[in-house]
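> Mind looking at a prediction? Sequence and model below.
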Amino acid sequence: MKEYDLIATTTFGLEAVLNRELDRLGCTEHTTANGRTYFRGDIRTVAKANLWLRTADRILLNMGKFKALTFEDLFRGVKAIPWEELLDSDSSFIVNARSVKSKLYSLRDIQSISKKAIVERLRSAYGVETLPETGARHMVEIAFLDDEATVTVDTSGHGLNRRGYRQEVGKSPIKETLAAGLIMISRWRPDLPFMDPFCGTGTFGIEAAMIGMNMAPGLRATFDAENWKISDPKVWENERREAVRAINRNASLRIYCSDIDYFQLKLAEKHAEAAGVDGFIHFQKIDYAETGSRFDYGCIVTNPPYGERLLEKKAAEDIYRGMGKHFASFATWSVYVITSCEDFERLYGKRADKKRKIYNGGLKCDFYQYFGPKPPAPRDGKPADS
């Protein structure tokens with residue numbers, strides 16, 4: 001199979017986690033820039049990446065890059081790309097644009113000129129006057145940075161955070177890809193208890209269950225590249241079949257999600273059912289200060305209220321103080337908290353063992369990591385402290 005230059009995009013701060021995921025897929029040769037990793041692979045790799053990468057936002061086909069100081073440079077550069085190798089004569093294609101620190105900054109002009117260049121290339125290659133654009137969709141992006149244009153086509157067709165289970169958005173949503181990444185940064189492993197005492201609509205618990213069951217996050221989604229001329233439906237069919245076989249439906253998981261909001265919890269239960277993990281998560285309506293556990297070791301991973309609005313700030317700060325006092329009773333557990341509050345450690349009453357800068361949407365946050373003692377290794381396949 002032919003190999004392609006590919007890009008996996010991710011949330012700033014999750015690049016190292018994404019790289020480990022790529023290594024596990026067998027894509028060990030890759031380079032990283034802010035929010036993206038460059039690698040190579042064939043159409044089977046494209047299918048695997050879309051189905052299995054938990055922290056990637058999109059998988060892009062890298063068509064090339066070139067310097068462009070004028071619109072004539074842009075037209076020539078885009079037209080020089082062999083679009084006929086990717087697009088059929090009836091392919092539908094949408095051109096989007098971004099521009100940072102570049103002489104060409106009018107996004108509308110970049111889009112229209114690039115589209116015209118692709119049309120001329122395809123008309124010449126196929127010997128036709130018109131392109132009906134009734135076929136498979138291709139989302140093209142022309143991204144300028146320092147006068148250099150990078151041309152990509154989105155193999156995913158949608159954000160990979162859209163797993164298909166979150167049907168309604170809660171009050172303080174966290175992207176599924178970010179939630180999965182934070183869990184993977186934590187020291188949690190599937191044989192240990194997992195707790196989210198501010199679970200909202202259940203994203204952390206659901207992602208933990210999917211990790212624990214070895215369930216491919218993209219299993220319920222469809223992707224643009226499945227219908228491309230360079231693709232093979234049998235490849236996607238085989239990869240999905242393998243992903244289904246890989247699911248451990250007998251996993252012994254102890255995942256506890258709680259919240260004080262009854263309606264958020266009902267959404268969480270609905271989302272867990274849609275994800276196929278409802279039997280692996282225990283949901284409870286309870287205040288975080290009333291949570292407890294009979295297990296000696298475990299991980300708390302949570303996204304408490306941030307208090308971004310002035311009237312909510314004091315309430316959030318009171319919660320952080322309470323968290324510090326209550327979670328002290330989980331002396332042998334590890335605690336992981338994402339928040340935008342820069343004063344979190346003082347309010348919590350303890351300096352984090354480690355923290356990582358991360359972005360939740362466009363909001364700058366930190367992921368505070370408090371490490372408990374290392375739990376014993378599981379014995380004979382049984383949980384560490386069963």
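Happy to help now that I have it. Residues are numbered from 1 along each chain as shown.
> Tell me who's in contact with residue 141.
60, 95-98, 151-154 (Cβ atoms under 8 Å, 6 or more residues apart in numbering). (Glycine included, C-beta is placed from N, CA and C.)
> what do you get for residue 182?
204, 301, 336, 338, 358, 367.
> Which member of those is positioned nearest residue 238?
Of all the contacts of residue 182, the one with the least separation from residue 238 (Cβ to Cβ) is residue 204, at 31.6 Å.
> The closest residue to residue 92 other than its chain neighbours: neighbour count?
Spatially, and ignoring its direct neighbours in sequence, residue 92 is nearest to residue 133 (4.4 Å; Cβ to Cβ, 6 or more residues apart in numbering). Look at residue 133: counted by other Cβ atoms under 10 Å, it has 15 neighbours.
> now residue 133: how far from residue 155?
Applying Cβ to Cβ, to the nearest Å, the value for residue 133 to residue 155 is 19 Å.
> before we move on, the earlier item: secondary structure element for the residue nearest to residue 92?
Assigned by DSSP states H and E, residue 133 belongs to no helix or strand.
> element containing residue 8?
Secondary structure from DSSP H and E places residue 8 in strand 4-10.
> can you pull the buried residues of that strand?
Within strand 4-10, the residues scored as buried using 16 or more other Cβ atoms under 10 Å are 4, 6-10.
> Could you export these as CSV, including pLDDT and distance to residue 316?
What follows is the buried residues of strand 4-10, written out as CSV (pLDDT from 0 to 100; distance: Cβ to Cβ, whole Å):
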residue, pLDDT, distance to residue 316
4, 97, 46
6, 98, 40
7, 98, 37
8, 98, 34
9, 97, 31
10, 97, 27
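> Now distance to residue 174 too, for these, in TSV please.
TSV is the format used below for those (distance: Cβ to Cβ, whole Å):
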residue	distance to residue 174
4	32
6	26
7	24
8	20
9	18
10	15
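> Regarding the chain, what is its longest strand?
Ranked by residue count, the top strand of the chain under DSSP state E comes out as strand 56-67.
> what about it, average pLDDT?
The average pLDDT for strand 56-67 rounds to 98.
> just checking, residue 62 touches residue 143?
No: in this structure, residue 62 is not within contact of residue 143 by Cβ atoms under 8 Å, at 10.8 Å.
> intersection of neighbour lists for those two?
What both residue 62 and residue 143 touch, as defined by Cβ under 8 Å, 6+ apart, is the set 150-152.
> measure the nearest residue to residue 196 once chain neighbours are set aside to residue 179 for me?
In space, and not counting its chain neighbours, residue 196 is closest to residue 204: 4.4 Å by Cβ to Cβ, 6+ apart. Remark: distance between residue 204 and residue 179 (Cβ to Cβ) = 5 Å.
> try residue 209
With Cβ to Cβ as the criterion, residue 209 and residue 179 are 11 Å apart.
> next one: residue 1
33 Å.
> Comparing those two, which shows the higher neighbour count?
residue 179 (26 against 11).
> isn't the more buried one right next to residue 203, touching?
Yes: counting by Cβ under 8 Å, residue 203 is a contact partner of residue 179 at 4.6 Å.
> phi, psi of residue 37?
phi -130, psi 130 (degrees, to the nearest 10).
> quick one: it and residue 17 touch, right?
No: using Cβ under 8 Å, residue 37 makes no contact with residue 17, being 10.4 Å away.
> any residues in contact with both of these two?
residue 10.
> Tell me where the stretch 201-350 of the chain has helices.
Using DSSP state H, counting those that start in this stretch, the helices of the stretch 201-350 of the chain run over residues 203-212, 233-246, 262-275, 310-327, 344-348.
> Go through those and find the least confident stretch.
Looking at the helices of the stretch 201-350 of the chain, the weakest mean confidence is helix 310-327, a mean of 89.
> Check which helices and strands that helix sits against.
Other elements packing on helix 310-327 under the criterion 3 or more Cβ pairs under 8 Å, 6 or more residues apart in numbering; DSSP states H and E are strand 334-339, helix 344-348.
> can I get those in JSON lines with distance to residue 240?
JSON lines is the format used below for these (distance: least, Cβ to Cβ, whole Å):
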{"stretch": "strand 334-339", "distance to residue 240": "32"}
{"stretch": "helix 344-348", "distance to residue 240": "42"}
